[in-house]
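J.: Need a 3D model of the sequence below.
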Amino acid sequence: MMTAESMVTRGAHYTALLETIDHRGATKLHATEREQLLEAADALLFGEPDSERTVRWAEVLIADLQTNERWSVETCDQLRKHLHGCAAPTGAS
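T.: Numbers count the residues shown, from 1 in each chain. So this is what the prediction gives:
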């Protein structure tokens, strides 16, 4: 069962993801990349059925940002943490 506390936590991760993207993204992230990350976060937050595929694409994007040294390892780790923090806890509906 989804609790108010878990929704608040997930919402906080979503907000932190947006802040990370907006803080770093203005100069180092293309609009389509920003949309891809937000689409994955939305899919997790709202429990969309295709979230697994969308999150895989976001993971590839984050890995590319790190590999190509467009974003630091630390920032990419923050993105991953906040992206996955948008998901419902295992076993929750």
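J.: residues in contact with Ala43?
T.: 50-51, 54-55 (Cβ atoms under 8 Å, 6 or more residues apart in numbering). The C-beta positions use only the backbone N, C-alpha and C, and glycine is treated the same way.
J.: quick one: which of those sit in helices?
T.: 51, 54-55 (DSSP state H).
J.: quick one on the thing from earlier: by neighbours, which of the contacts of Ala43 wins?
T.: Neighbours were tallied for each of the contacts of Ala43 (criterion: other Cβ atoms under 10 Å), and the maximum of 21 neighbours falls on Ser51.
J.: Could you find the closest non-adjacent residue to that residue?
T.: Counting by Cβ to Cβ, 6 or more residues apart in numbering, Ala43 is the residue found nearest to Ser51 once chain neighbours are left out, at 3.7 Å.
J.: Would you mind pulling the contact partners of the helix or strand of the chain with the lowest mean pLDDT?
T.: Confidence across the helices and strands of the chain bottoms out at helix 4-28, with a mean of 87, counting by mean pLDDT, DSSP states H and E. Under the criterion Cβ under 8 Å, 6+ apart, residues 29, 33-34, 37-38, 41, 44-45, 65, 70-71, 75, 78-79, 81-89, 92 lie in contact with helix 4-28.
J.: Name the SS class of the residue nearest to Ser51, please.
T.: helix (DSSP: H, G, I helix; E, B strand; the rest coil).
J.: circling back to that earlier point, mind telling me the two of the contacts of Ala43 farthest from one another?
T.: Greatest spacing in the contacts of Ala43, by Cβ to Cβ: Asp50 and Val55 (9.4 Å).
J.: and the spatially most central residue of the chain, what does it touch?
T.: For the chain, the residue whose C-alpha lies nearest the mean C-alpha position (Cα atoms, centre = their mean) is Leu83; its distance is 2.5 Å. By Cβ under 8 Å, 6+ apart, the residues touching Leu83 are 13, 17, 37, 40-41, 44, 55, 58, 62.
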